[in-house]
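*Asks:* what would the 3D arrangement of this be:
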Amino acid sequence: MARRGAGTPFVLQLSLLLLLHPGGTLGCASVAVGSPVVLLGSAVTASCTIWSNLCRGLEQGTVQITWMLDNEPVAGTQHQGPGGTEVSNLTLPQFNRTQAKLWCWVEWNGTKQRVGMAEIRAGYPPAKPFNLSCVLNLSDYGLTCQWEQGANSHLPTSIALKCARSRAQVVTGCIPQGGRSCCTVPRQLLQLYRQMEIWVSATNALGTAESEHLCIDPMDVAKLDPPALKSIQSIPFQTDCIALVWEVARSNAYMDLQCELRYRAPQDPTWALVTGIVGQAGTTQCCGFLFGMQYHFQMRCRRSSAQGYWSEWSLGRNYTTHEKAPAGKLDAWWSTQPAGAGGRIEVQLRWKAPRQQEANGRVLGYRVTLSPRRRGRDPSTVCNTTHTQCNFSAPAGTRKVYLSAYNAAGESAATEVVLLERKGQPLARLQTMPRGEHSLQVHWEAPLAPVAAYVLEWQRVSSEPSHCSACWQMERALGSQSPKALAPPLLYVADGIEPFQRYNISVYPLYKDTIGVPIHTTAYSKQKAPSYAPKLHLKRISKSDAELCWDPVPVEMQNGFITSYTIFWANSTAEVSSAAVNPSLSSFVIQELKPSTLYKVHIMASTAAGSTNGTSLTLVTTVLDDIEIQFLFLTLGLIFVLLILLLICFQKNGRVKQQFWPSVPDPANSSLGKWVPAELQQEPLQVPGVREPGLATISTVTVLERVAGKQPSTWGKEPTTETTGTFPAVPQPYVRQEGPGVPGHGWAAAEPCQGPGGSGETVQYARVVGDGYKGQQHAPPRLYLRSSSTQPLLLDPSPSPKPYENLWFHGAAPYGCPGDEGCPEEPPATFPLLQGLRISGAEELHD
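*Replies:* Sure, this is the predicted structure:
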C-alpha cells in the first residue's frame, strides 16, 4: 500500500508533462481572438477549442474550460463543437487595458493547466503631427526639419518625413531615431531654388496621420551665418552719433542681405533695435547715443527676400561714447542751524546725482560756492567733494549757495539753491501703504496754496542714531506755468525700503518763497512676528502681588508695530491668567496672587502679523508683606531689647535696687551713734528687749550743750559764729517712752539747761519717729527739735566724732501722735546747730 500510494503522484506528474508537452497541446487546443489590436475601450471576442481525442489523458474525461485575463479570471460559455470538440467563447464588452494576455485553461484531475494564449493590444490611431519647420544649413546644405508629436497612441507608431519634388514621386526623406521629433534630409534629395512639398507621416495598426504639407524652396529657409563687427567710432563733430563697420560671412558673400543692429547700456533692461541696414554695405551710422556712456552692440542678417531665418546674433562689442560737460539742474535739499558765536550758520546741503542723460559721462565731483561764477573770476569754493552731501559754515544771512557738477569734459552750469525758511503751511492727512516688500506708497492732500515741489524724506529707525543722505527725493510741479498741477491727492513711492524695518516718513511742501512745516508718519513695507519677546525681570514681590519689568524690544527686532504685550501667569494647579499691557509701558503689577505660591510667568509680544513668546520666569510669593515683616522684626527687636535689659537687671541687681530703693544711712551704724560723751560714759543704757522687727524704739534722747563759737542758723542759710561763755553742766534728761513691742513714737522732754548766766533755755519737745522702709527690717528715725526761742542749744563740749548741721531724719508718716499735741507735717523752720547728738536705746539699723 505504501508503494502504491507513493507511485500515484509520480504517474500524475508524468501525465501532466505529456499534456503540457508541445506535441500534446498545440495539436489538441487553439485560442482565437477577433482582433489582436483593438481601439481602447472597445469590445474583444475570443474562443478556445479543445480536441479531446488529440489530448492525451482527456479522451475519457469531461473537459472543463476556463479563462484568465492576465491574472484575473473571466467567465466564458462552453459547448460541444463538431467532431467531438469542446468550445468556449468569451466576450469582453470593454477592454480598458493597453496590453494584456488572455489564457485558456483546462481542468484535469482537479488541476488547472494552461493550454493556449492570445496577446491583445489596445490604443488609438496616431495623432496628427504639427508645427513642422525646416532650416537649410549652408555649411552642408542639409535640410533639418522638426515637429511636435501629438497625443500618445499607446501603440507602436512609425514616423517618417516625406518629400515630393515637383512632378516626382513621393520619397522618404528621413526617419527620426530614438523617438526624437527631428531629422535631416540629405542634399541629394533636395531641389534648391524650387518648390518642394514636405510633410510628416505617422502610422500604427489603427491608422495613419499626416501633418500639414509644407511647400518651400529650401533656400528660403536657409539660416545664414552671422556677420562680424569690425570697428565702432564716434563721429568727431557729432558726438551723439557713431559709425559702425562689419563684415558678412563668406557663405553669404553672394546673397542680398538685410541686417539689424541692437545695443544697450549696462543698466538698460531692454535692447534698442536699428532695422533696415543693407548687409552688403558693410558700414552704417547711428545717432541718439548718450555722452560718456558704454554700450554693447550686436548684429544679425538674413536674405533680402524677407523669407527664411535670421542668423544668430554676432559676437558683442563694447564701445563708450565721447563725454561733454554735465547739463541740467541738480535737485538739492538743505537744512541750516546756528553755528554759535561768530555770527555764522552751519549748512547741510544734499543733492541728487544727475541722471545719465544729463551727466554726459562719469561725474568726477561736485563744487559748492557762495557766489556765482563770473567771467574771468572764479568764486571761492566752500565744498569740493565726490559725495552727494556737504556740510559747511557760511556767514549769517546767507540766502543762496551755488552747486555744480563736473566731469573730464567740463563743468555744468551752477544750480542756485535758495535757503528758504521752514515756516509755510503744512500738508494734511499723510498716509502710507505698502507697495511690495521694498517700496512704500505715500499719499497726502495738497494745501490750498500753490506748491512748486514736494520733498519726501524717509529714514530707517534704529537703536543707534544714523542719517541717510540719499533717502530723499524731490518731485517738481509739471511746469512753472502750472503750480497747481500737483493739487490733487498725490502718490509717490519711496524705493530702497527693506521689509520688517520701521521708517520715518516726512513730506515738505516747497512754496515760492518758503518751505512748509513738515508732516511726519511711520510705516513698514511688510510686518511679521517680533524676532523675540522681552525678558522679564522681577522688580518687587509680596504675598498678593508681583511687579514685573522688561526692556523694550529693539526697534530693529520688532518687525512691525507692537500692538500689545500679554502677560501670562500660572500656578502649580495650572490655573492660567493673562492680562494685556499697553505697548508703551515697560512694567506691570500682577495682583490677587496667593501667598507662598509658585508661579510661572512669561510675556508675549504681538504685532499685526503675529506673536512671539518670551522665556518663562519662575517666582514665589511671600508669606508676609513688607510692612508685616517690618512690624514683626520691630516686635522681635523690642522683645530682644527687653530681654537684654532684664538680663542686665538680674546681673546688676544691687545697682538697680539702689536706683529704685535708695539706701538710707543707718544712724545706729554711724560714728555718731557710737560716740558717747564723757559725762555719760558711766551711765547705763536702757536696751529694749528682743522683739520682732518693727518700728525703732527710742529709749534716750540726750540734748547736749551748744558748741562754743557756733551761732544758730535757719534752714537753708549759712550759720553765723558767735562767742559764747563757758559750757554748763550736762542737764538731766527726761525721757518718755512707750512700752516695747507697741508701734508708736517716742516723745522726749528735757529739763531746762543752765546757761552761763544762770538762766535756762527750755526745749519744749523733741520727737523721734521710727517707721520701716519697704524691704528694711528697721526704719531710720526721724527727729524734730523745736525750742521756744531762737537761741541755740548748748551741747556738750566734749569732742564729737563728726559735726552735723541741720539734721533731719525722714521716715514714713507716723501712725498717730499721742495726747492732744499735733504732729508737725513740715520740717521746722530752724534747727539749732548741734555739735553732737546721741540717740540711745535704739536697735541696730541695717543699710
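*Asks:* any idea how far Val517 is from Gln473?
*Replies:* Counting by Cβ to Cβ, to the nearest Å, the gap from Val517 to Gln473 is 19 Å. In short, each C-beta sits where N, CA and C put it, glycine included.
*Asks:* more crowded one of these two?
*Replies:* Gln473 (17 against 13; other Cβ atoms under 10 Å).
*Asks:* looks like that one contacts Val493 (just checking).
*Replies:* No: taking contact to mean Cβ atoms under 8 Å, the distance of 9.2 Å between Gln473 and Val493 leaves them out of contact.
*Asks:* in this structure, which strand is the longest?
*Replies:* strand 111-123 (DSSP state E).
*Asks:* enumerate the positions of that one that are buried.
*Replies:* Residues 115-116, 118, 120-123 are the ones in strand 111-123 that count as buried (16 or more other Cβ atoms under 10 Å).
*Asks:* now stretch 333-352
*Replies:* 333-334, 336, 345, 347, 349-351.
*Asks:* identify all contacting residues around that stretch.
*Replies:* 330-332, 366, 368, 383, 388-396, 398, 401, 403, 415, 417, 419, 455, 469-470, 472-474 (Cβ atoms under 8 Å, 6 or more residues apart in numbering).
*Asks:* okay, the residue nearest the centre of the chain: pLDDT?
*Replies:* Closest to where the C-alpha atoms of the chain average out (Cα atoms, centre = their mean) is Tyr532, at 3.0 Å. We note a pLDDT of 93 for Tyr532 in this prediction.
*Asks:* so it touches Gly614, yeah?
*Replies:* Yes: at 7.1 Å, Tyr532 counts as touching Gly614 under the criterion of Cβ under 8 Å.
*Asks:* what touches both of the two?
*Replies:* The overlap between the contact sets of Tyr532 and Gly614 (Cβ under 8 Å, 6+ apart) consists of Ala605.
*Asks:* looking at stretch 114-123 now, give me its mean pLDDT.
*Replies:* Average pLDDT, stretch 114-123: 90.
*Asks:* could the buried residues of stretch 333-352 be laid out in CSV, adding secondary structure, distance to Ser439 and pLDDT?
*Replies:* Putting the buried residues of stretch 333-352 into CSV (DSSP: H, G, I helix; E, B strand; the rest coil; distance: Cβ to Cβ, whole Å; pLDDT from 0 to 100) gives the following:
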residue, secondary structure, distance to Ser439, pLDDT
Trp333, strand, 20, 90
Trp334, strand, 26, 90
Thr336, strand, 31, 87
Ile345, strand, 36, 88
Val347, strand, 31, 91
Leu349, strand, 27, 92
Arg350, strand, 21, 92
Trp351, strand, 22, 92
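*Asks:* for the residues you listed, which one is nearest Gly288?
*Replies:* Taking Cβ to Cβ as the measure, Trp351 is the one of these closest to Gly288, at 27.8 Å.
*Asks:* any chance you could map the helices in the chain?
*Replies:* Taking DSSP state H to define them, one finds helices in the chain at 2-20, 22-25, 356-359, 555-558, 626-651, 653-660.
*Asks:* which neighbouring elements make contact with the longest one?
*Replies:* For helix 626-651, there is no helix or strand it packs on, judged by 3 or more Cβ pairs under 8 Å, 6 or more residues apart in numbering; DSSP states H and E.
*Asks:* can you give me the angle that helix makes with helix 653-660?
*Replies:* On the basis of axes from the mean of the first three to the mean of the last three Cα atoms, to 10 degrees, helix 626-651 is oriented at 100 degrees to helix 653-660.
*Asks:* when you give positions from now on, start the count at 375
*Replies:* Shifting the count to begin at 375 puts that one at helix 1000-1025.
*Asks:* can you pull the buried residues of helix 1000-1025?
*Replies:* Judged by neighbour count (16+ other Cβ under 10 Å), helix 1000-1025 contains no buried residues.
*Asks:* what mean pLDDT does that helix have?
*Replies:* Mean predicted confidence for helix 1000-1025 is 85.
*Asks:* also stretch 842-861?
*Replies:* For stretch 842-861, mean pLDDT rounds to 62.
*Asks:* same question, stretch 936-956
*Replies:* pLDDT averaged over stretch 936-956 gives 91.
*Asks:* ok, now stretch 661-673?
*Replies:* Averaging pLDDT along stretch 661-673 yields 92.
*Asks:* for that stretch, buried residues please.
*Replies:* So stretch 661-673, judged by 16+ other Cβ under 10 Å, has buried residues 663-667, 669, 671-673.
*Asks:* between these, which sits nearest Ala699?
*Replies:* Closest to Ala699 out of the buried residues of stretch 661-673 is Phe665 (9.2 Å), distances taken as Cβ to Cβ.
*Asks:* so who does the closest one touch?
*Replies:* Residues in contact with Phe665 (Cβ under 8 Å, 6+ apart) are 613-614, 695-698, 734-735, 783.
*Asks:* no further questions, thank you.
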